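Asker: Any chance you could fold what I've pasted below:
(2 chains)
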There are 2 protein chains.
Amino acid sequence: MTERSSQEPGPAPRRRGRPARRTAEAGPGARERILASARGEFAEHGFDKVSVRAIARGAGVDAALVHHYFGTKEQVFVAAIEGAMAPVLSVPDLVGTAAPDAVGQVITRRFLEVWEGPATREPVLAIVRSAVNNERAAAVFRGLLTRSLLSRVAARIQGPDAELRVGLAAAQLVGAALLRHVIRLEPVASEPLEGVIARLAPVVQHHLTGPGPQDEPGSVHHSDPLSGS
Amino acid sequence: MTERSSQEPGPAPRRRGRPARRTAEAGPGARERILASARGEFAEHGFDKVSVRAIARGAGVDAALVHHYFGTKEQVFVAAIEGAMAPVLSVPDLVGTAAPDAVGQVITRRFLEVWEGPATREPVLAIVRSAVNNERAAAVFRGLLTRSLLSRVAARIQGPDAELRVGLAAAQLVGAALLRHVIRLEPVASEPLEGVIARLAPVVQHHLTGPGPQDEPGSVHHSDPLSGS
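Answerer: Model prediction:
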């Protein structure tokens, strides 16, 4: 900025495809402001209706700068998702350090805690909303979940069906978050968090490390097939 | 129509708030056409953006006729939901006739089968989309689920925590349907239906009739707490 002012007394002429001046003006916080704006836009309007221009406007920068940092709208969405999902995406690391018989507990607690507070819930919920409404957003979300979460947890679980097990455990947790925080179905919505964790952790543990259907012939007619009686 | 034609040779003058002529014109299929139009509109645009006028246009009737049959937009939504959810809403009847130790199997199969075919899946998915996006639609959906499904299944299950148990079983199924059919997360999406049922039925059965957390002291440190070992 100081260099430029000596050469160009008035506003600099805008040069297409070159956000360098704006980059300098926007300063070191620009990338974070763009991500925050993107998260807000995606949360409020959904993936479909958000434009790179609107994201740029919200961040007080030029649209070219958004492209400069992130590329396409999909790529801004991936970056916004990754930031919002950071607490969830750390689950594989937790699994690596937890005792094998405590992974259900550890995963269930971490996942549900993210949904308890509005500050961590809203960004994740915005992603889920976008993915439910839009196939391109669903594809981005799917890729991120597979690459950063399911494959990494599955790598730490025994057995050839590990990815299916992890997916069905995720289904239990995603469904619980949806009924508790979005549909707000009672009494799931009002049950204290510890009560929900106490009931879901054993189910998640079972999905990840319990006997599969082929290990339990005739299990359909037990009163609780998971109890092995 | 025949009575009117003798009195009024030309088109009848429209009378505000009286859809009687249109009712006659629309014929006995009008109610169904309105519901079909409503389902299509809600599926395509979501609860927010649908107007009674658009529903009427899709059905080839007057907006007054929609109000005449259903009342408000919320009430059209309820009626559209009830039709679309009919296969799911019959679950409590199934539970009443199934052996107590087979309810997990029966509920899981019925619920997931609804999601397998596009004809039964799309209307339910449209409702879920609306409910995820809009608080008024969520409230309608919540009321219907509670009244017609959860309370009735819970009434057939033992214990003071029956509604919570049914809600968490529903969470497992809703989450599985979402990951399989909306996010299309692999390998959950491609697993044959029978494989998914074989894995989820025992979990649903456990939620409904298995031991609760207070029955399993120290269960956190069992390798599969549900196995009762």
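
Asker: drop to CA atoms for contacts and neighbour counts, all remaining ones
Answerer: Noted.

Asker: mind listing what the residue nearest to the spatial centre of chain A touches?
Answerer: The centroid of chain A falls nearest to A:M85 when counting by Cα atoms, centre = their mean (3.3 Å). Shown in contact with A:M85 (Cα atoms under 8 Å, 6 or more residues apart in numbering or on different chains): A:P123, A:V124.

Asker: Could you list the low-pLDDT ranges of chain A?
Answerer: By pLDDT under 70, the weakly predicted segments of chain A are A:1-27, A:215-229.

Asker: need the longest helix for it.
Answerer: Using DSSP state H to define each element, chain A has its longest helix at helix A:30-49.

Asker: How far off centre is it?
Answerer: 14 Å (Cα atoms, centre = their mean, to the nearest Å).

Asker: Tell me the buried residues in that helix?
Answerer: A:30-31, A:33-43, A:46-47 (16 or more other Cα atoms under 10 Å in any protein chain shown).

Asker: Okay, and A:V95 sits in which element?
Answerer: helix A:91-97 (DSSP states H and E).

Asker: and that helix, what does it pack onto?
Answerer: helix A:103-116, helix A:151-154 (3 or more Cα pairs under 8 Å, 6 or more residues apart in numbering or on different chains; DSSP states H and E).

Asker: how much space between A:G167 and B:E82?
Answerer: 30 Å (Cα to Cα, to the nearest Å).

Asker: what about the longest helix of chain A, near chain B?
Answerer: No: shown here: helix A:30-49 not in contact with chain B (Cα under 8 Å from any Cα of the partner chain), separated by at least 9.3 Å.

Asker: picking that back up, from A:L125, how far out is the residue nearest to the centre of chain A?
Answerer: From A:M85 to A:L125 the distance is 10 Å (Cα to Cα).

Asker: Please apply the same query to A:R136.
Answerer: A:R136 is 17 Å from A:L125, by Cα to Cα.

Asker: So which of those two has more stuff around it?
Answerer: A:L125 (20 against 14; other Cα atoms under 10 Å in any protein chain shown).

Asker: So what are the structural domains in chain A, by residue number?
Answerer: The record's domain parsing of chain A by automatic domain parsing lists A:25-72, A:85-209.

Asker: Check the ones you listed for me and report the most buried one.
Answerer: Mean neighbours per residue, mean count of other Cα atoms under 10 Å in any protein chain shown, is largest over the domains of chain A for domain A:85-209, with a mean of 20.

Asker: Any idea how far apart the tips of that domain sit?
Answerer: 25 Å.

Asker: starting at the chain centroid, how far to that domain?
Answerer: For domain A:85-209, the distance to the chain centre is 10 Å (Cα atoms, centre = their mean).

Asker: and what of stretch A:191-210?
Answerer: With Cα atoms, centre = their mean, you get 20 Å for stretch A:191-210.

Asker: Between all of the buried residues of helix A:30-49, which two are separated the most?
Answerer: For the buried residues of helix A:30-49, the farthest-apart pair by Cα to Cα is A:A30 and A:G46; their separation is 22.3 Å.

Asker: Helices of chain A, start to end?
Answerer: Taking DSSP H, the helices of chain A run over residues A:2-7, A:20-26, A:30-49, A:52-59, A:63-70, A:73-84, A:86-89, A:91-97, A:103-116, A:118-133, A:135-145, A:151-154, A:162-177, A:193-209.

Asker: Quick check: which of the ones you listed is nearest to B:L89?
Answerer: helix A:162-177 (18.5 Å).

Asker: Just list what the closest one packs against, helices and strands only.
Answerer: helix A:103-116, helix A:151-154, helix A:193-209, helix B:162-177.

Asker: Can you get me a residue count around the residue lying closest to A:R199 once chain neighbours are set aside?
Answerer: Nearest non-adjacent residue to A:R199, counting by Cα to Cα, 6 or more residues apart in numbering or on different chains: B:P213, 6.0 Å away. As a burial measure, B:P213 scores 20 neighbours (other Cα under 10 Å).

Asker: B:P213 against A:A198, yeah?
Answerer: Yes: contact between B:P213 and A:A198 holds when scored by Cα atoms under 8 Å: they sit 5.8 Å apart.

Asker: Phi first, then psi, for A:V188.
Answerer: phi -60, psi -40 (degrees, to the nearest 10).

Asker: Am I right that it is in contact with B:A170?
Answerer: No: with contact defined as Cα under 8 Å, A:V188 does not count as touching B:A170 (10.2 Å).

Asker: and stretch A:52-68, how far out from the chain's middle?
Answerer: 23 Å.

Asker: what's the span of it from first residue to last?
Answerer: 11 Å.

Asker: which ones are touching the residue lying closest to A:Q172 once chain neighbours are set aside?
Answerer: In this structure, A:Q172 finds its nearest non-sequential neighbour in B:Q172, 4.1 Å apart by Cα to Cα, 6+ apart. By Cα under 8 Å, 6+ apart, the contact set of B:Q172 is A:A171, A:Q172, A:L173, A:G175, A:A176, B:L200, B:V204.

Asker: Find the nearest non-adjacent residue to the first one, please.
Answerer: Yep, that's A:A171 we're talking about. Distances taken as Cα to Cα, 6+ apart place B:G175 nearest to A:A171, at 4.2 Å, with adjacent residues excluded.

Asker: which residues sit in contact with the one you found?
Answerer: B:G175 sits in contact with A:A170, A:A171, A:Q172, A:L173, A:V174, A:G175, A:A176, where contact means Cα under 8 Å, 6+ apart.

Asker: Also A:R39?
Answerer: A:A80, A:I81, A:P123, A:A126.

Asker: if we can go back for a sec, so the longest helix of chain A versus helix A:52-59, what angle?
Answerer: 140 degrees (axes from the mean of the first three to the mean of the last three Cα atoms, to 10 degrees).

Asker: Also compute the angle for helix A:30-49 relative to helix A:63-70, please.
Answerer: 100 degrees.

Asker: how about the CA coordinates for helix A:30-49, as CSV?
Answerer: Output of helix A:30-49 as CSV, limited to C-alpha atoms (Å, rounded to 0.1, in the frame of the first residue of the first chain):
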residue,chain,number,x,y,z
ALA,A,30,-8.5,-12.0,4.5
ARG,A,31,-8.5,-15.7,4.2
GLU,A,32,-10.2,-16.2,7.5
ARG,A,33,-12.7,-13.4,6.7
ILE,A,34,-13.6,-15.2,3.4
LEU,A,35,-14.1,-18.5,5.2
ALA,A,36,-16.2,-16.9,7.9
SER,A,37,-18.3,-15.1,5.2
ALA,A,38,-18.6,-18.4,3.2
ARG,A,39,-19.8,-20.3,6.3
GLY,A,40,-22.4,-17.6,7.0
GLU,A,41,-23.6,-17.6,3.4
PHE,A,42,-23.8,-21.3,3.1
ALA,A,43,-25.6,-21.5,6.5
GLU,A,44,-28.1,-18.9,5.6
HIS,A,45,-28.8,-19.6,1.9
GLY,A,46,-27.6,-23.2,1.2
PHE,A,47,-25.0,-24.2,-1.3
ASP,A,48,-27.2,-23.6,-4.3
LYS,A,49,-27.9,-20.0,-3.8
